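Q: model this:
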Amino acid sequence: MVERSSSRRVAARSFSIGVELALFTPHEGELGVLLRSGADDRSRSRLTLPSTTLGANETLDQSALDLARDVANLAPTVLEQVGAFNAPSARQPSSDARRITILYFGLLPTGTAFRSPHVWVEVSEAPASLAPRQREEIDAALATLRVRVDQQPIAFRLLPAIFTLSELQRIYELLLGRKLHKASFRRALHAASLVEATDEWRSEGRGRPAQLFRYAPPRRRRARRGVRFDALG
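A: This is a model prediction of the structure:
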């Protein structure tokens, strides 16, 4: 009995749970993901997702939220678990230690500051220094994000309280990774009752001013509204 108990304790010590975070934001006209670079000259070109190890008294959600606040100085407007990934322990690569990583994705408003040594990188241009596993994790986070965009009105979390429909369409296009048909986009918005018009207008160049809209929260007892948009051919 003593030997079996001891073996279990050893196994427990060789197992850890990590939390990694794929934080996305509109950045210079593209969708960016926040990556951590090395602290010294030799490792500065190596980029990784922000990560931490789950503490003994922490929950996964709280650990992910604390990590986001640590690297970006504020809580994400959206934070959701993506899934679990298995990898050897980074601290003991030659041992039998195992590390289960729980991946989250989050959304941050445009212009969010972050702590050094983090950088924004376009999701379409994964650097060569990014490990294949982390590329897979970013792809998995993007896939989950895009499902949620169709299911929930999370795009509005990246906009001010009032906005033009053109601004809203650009956010949807960034999050979905594809161009949308303008007329179809607006029909889908109105059919899903996602926006309501205000009495305000804003100039957007040489044309006539564009009307401003706001997000229309669902009424009580009404089913959550999803919306799908037609892409350009």
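
Q: Following element in sequence after the strand ranked longest in the chain, please.
A: Identified as the longest strand of the chain according to DSSP state E is strand 15-27. Counting by DSSP states H and E, the element after strand 15-27 in chain order, helix or strand, is strand 30-37.

Q: Just give the strands next to that next one in its sheet, each with its orientation.
A: Paired with strand 30-37 in the same sheet, following DSSP bridges, are strand 15-27 (antiparallel), strand 47-48 (antiparallel), strand 118-122 (antiparallel).

Q: Counting neighbours, which bits of it end up buried?
A: Of the residues in strand 30-37, 31-37 count as buried by neighbour count, 16 or more other C-beta atoms under 10 Å. (C-beta placed from N, C-alpha, C; glycine too.)

Q: sorry, back to before: Leu103: which of the strands paired with strand 30-37 is closest?
A: Nearest to Leu103 among the strands paired with strand 30-37 is strand 15-27; the distance by C-beta to C-beta comes to 5.1 Å.

Q: Determine how far the closest one lies from the middle of the whole chain.
A: Relative to its chain's centre, strand 15-27 lies at 8 Å (C-alpha atoms, centre = their mean, to the nearest Å).

Q: Please identify the buried residues of it?
A: Those would be 16, 18-27, for strand 15-27 by 16+ other C-beta under 10 Å.

Q: from those, which is closest to Glu125?
A: Nearest to Glu125, judged by C-beta to C-beta, of those is His27 at 11.5 Å.

Q: Please list all residues in contact with the closest one.
A: Applying C-beta atoms under 8 Å, 6 or more residues apart in numbering to His27 gives the contacts 110, 120, 122.

Q: Does the last one touch Glu30 like I think?
A: Yes - here Glu122 reaches Glu30: they are 4.6 Å apart, a contact under C-beta atoms under 8 Å.

Q: Only whichever of the contacts of His27 are buried, select them in ChimeraX.
A: The ChimeraX selection below is limited to those of the contacts of His27 classed as buried (16+ other C-beta under 10 Å):
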select :120
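
Q: could you point out the longest helix in the protein?
A: helix 132-151 (DSSP state H).

Q: So for that helix, mean pLDDT?
A: Averaged over helix 132-151, pLDDT sits at 93.

Q: ok, then the element right after that helix?
A: On the C-terminal side of helix 132-151, the nearest following helix or strand under DSSP H and E is strand 162-163.

Q: Sheet-wise, list the partners of that next one with their directions.
A: Taking DSSP bridges as the criterion, strand 162-163 forms sheet pairs with strand 210-215 (antiparallel).

Q: which residues are contacting the strand it pairs with?
A: In this structure, residues lying in contact with strand 210-215 by C-beta under 8 Å, 6+ apart are 153, 156, 159, 161-166, 168, 194-198, 200-204.

Q: hey, C-alpha coordinates of that strand in CSV?
A: The C-alpha trace of strand 210-215 is given here as CSV (Å, rounded to 0.1, in the frame of the first residue of the first chain):
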residue,chain,number,x,y,z
ALA,A,210,-23.8,57.6,-42.8
GLN,A,211,-26.5,56.9,-40.1
LEU,A,212,-25.2,55.7,-36.7
PHE,A,213,-26.5,52.5,-35.1
ARG,A,214,-26.3,50.8,-31.7
TYR,A,215,-26.4,47.2,-30.7
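
Q: buried residues in it?
A: 210, 212-215.

Q: before we move on, back to that, any idea which of the buried residues of strand 30-37 is closest to Leu180?
A: The closest of the buried residues of strand 30-37, once distances to Leu180 are taken by C-beta to C-beta, is Leu31, at 14.4 Å.

Q: That concludes my questions; thank you for your assistance.
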